[in-house]
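>>> Need a 3D model of the sequence below.
(3 chains)
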Amino acid sequence: MTTTVGIPAGWPATEERARAVQDELREKVVLDEPGPPPGTGHVTGVDVAYDDDRDVVAAAAVVLDAATLRVVAEATAVGRVSFPYVPGLLAFREIPTVLAALGALPCPPGTVVCDGYGLAHPRRFGLASHLGVLTGLPTIGVAKNPFTFTYDDPDTPRGSSSPLLAGPDEVGRALRTRDGVKPVFVSVGHRTTLADACAHTLALTPAHRLPETTRRADALCRRALREATGP
DNA sequence: GCGACAG
DNA sequence: ATCTTGTCGC
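From the prediction side, this is the model:
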């Protein structure tokens, strides 16, 4: 079942307002709380696909059993695009539809894995942090690109990592999930530690560079977009 | 001022 | 994110 959502009342309409919201909500992030142990309970991937021409966005949430990586539940939602893509303001584009998809799940999501950043953000409040504060759930961010941050290439073996740096600050880790393949960029969202975020990411990447959660969610939200949009 | 820039 | 064919490799 796919639920339909509109743009939330009071949703920021300007970049200035959106940045102010981030500065306000940032204080509610909980860092360094030991989250659910990696490899146990539920892990949920969320992702979003767009058709900007038709002003349509589709989100998916896929719940996996953390031990077996089998799909336990899934849900989708479609809506109108709520914000343009602006680096640093991605959350305002993705969150309304993602919240609807999460809300449509028949079971608790456990830790939520986001496609993007958490703490590693110009104002230290990326998508994963934002989603965590709004839902109260433990969240982590796993991104495919280093954004504006710097890092040294991790050693070749899977599991190797190096600091992801914003100047002198470590805001995440560049984590190798497959031998010799470009690393992913992991950062803390809400109610987890960086060590746990990396452990979750490794547990979710037995065969591919990207976590099974985001692979499943990516495939599902694309399908939901097709079905909502047609040919 | 110019370029870079999660998805 | 999205536009897009074939191709190399497990």
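>>> Quick check: longest helix in chain A by residues?
Looking across chain A with DSSP state H, the single longest helix is helix A:212-229.
>>> which other helices and strands contact that helix?
Secondary-structure packing of helix A:212-229 (3 or more CB pairs under 8 Å, 6 or more residues apart in numbering; DSSP states H and E): strand A:2-5, strand A:42-51, strand A:56-65, strand A:71-80. C-beta: built from backbone N, CA, C; applies to glycine.
>>> so where do the helices sit in chain A?
Under DSSP H, chain A gives helices at A:15-25, A:91-103, A:127-135, A:194-203, A:212-229.
>>> Minimum distance to A:Asp52: which of those has it?
Of all those, it is helix A:91-103 that lies closest to A:Asp52, at 10.2 Å by CB to CB.
>>> can the closest one be found next to DNA strand C?
No. Helix A:91-103 lies out of reach of DNA strand C by CB under 7 Å from any atom of the strand, never closer than 9.0 Å.
>>> could you dump the helices and strands packed on helix A:212-229 to TSV with distance to A:Leu127 and mean pLDDT?
TSV is the format used below for those (distance: least, CB to CB, whole Å; pLDDT from 0 to 100):
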stretch	distance to A:Leu127	mean pLDDT
strand A:2-5	17	88
strand A:42-51	9	97
strand A:56-65	12	97
strand A:71-80	16	97
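>>> Include distance to DNA strand C when you put those into TSV, please.
Output for these, formatted as TSV (distance: least, CB to the nearest atom of the strand, whole Å):
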stretch	distance to DNA strand C
strand A:2-5	16
strand A:42-51	3
strand A:56-65	8
strand A:71-80	12
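>>> okay, those in TSV with mean neighbour count and distance to DNA strand B next?
Listed next are the helices and strands packed on helix A:212-229 as TSV, based on neighbours: other CB atoms under 10 Å; distance: least, CB to the nearest atom of the strand, whole Å:
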stretch	mean neighbour count	distance to DNA strand B
strand A:2-5	16	18
strand A:42-51	24	6
strand A:56-65	25	10
strand A:71-80	20	15
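>>> Burial-wise, tell me which of the helices of chain A comes out on top.
Of all the helices of chain A, helix A:127-135 has the most neighbours on average by mean count of other CB atoms under 10 Å, namely a mean of 25.
>>> What distance do you get for the spatially most central residue of chain A to A:His190?
Geometric centre of chain A, nearest residue: A:Cys114, 1.1 Å, by CA atoms, centre = their mean. Noted for A:Cys114: a distance of 10 Å to A:His190, by CB to CB, to the nearest Å.
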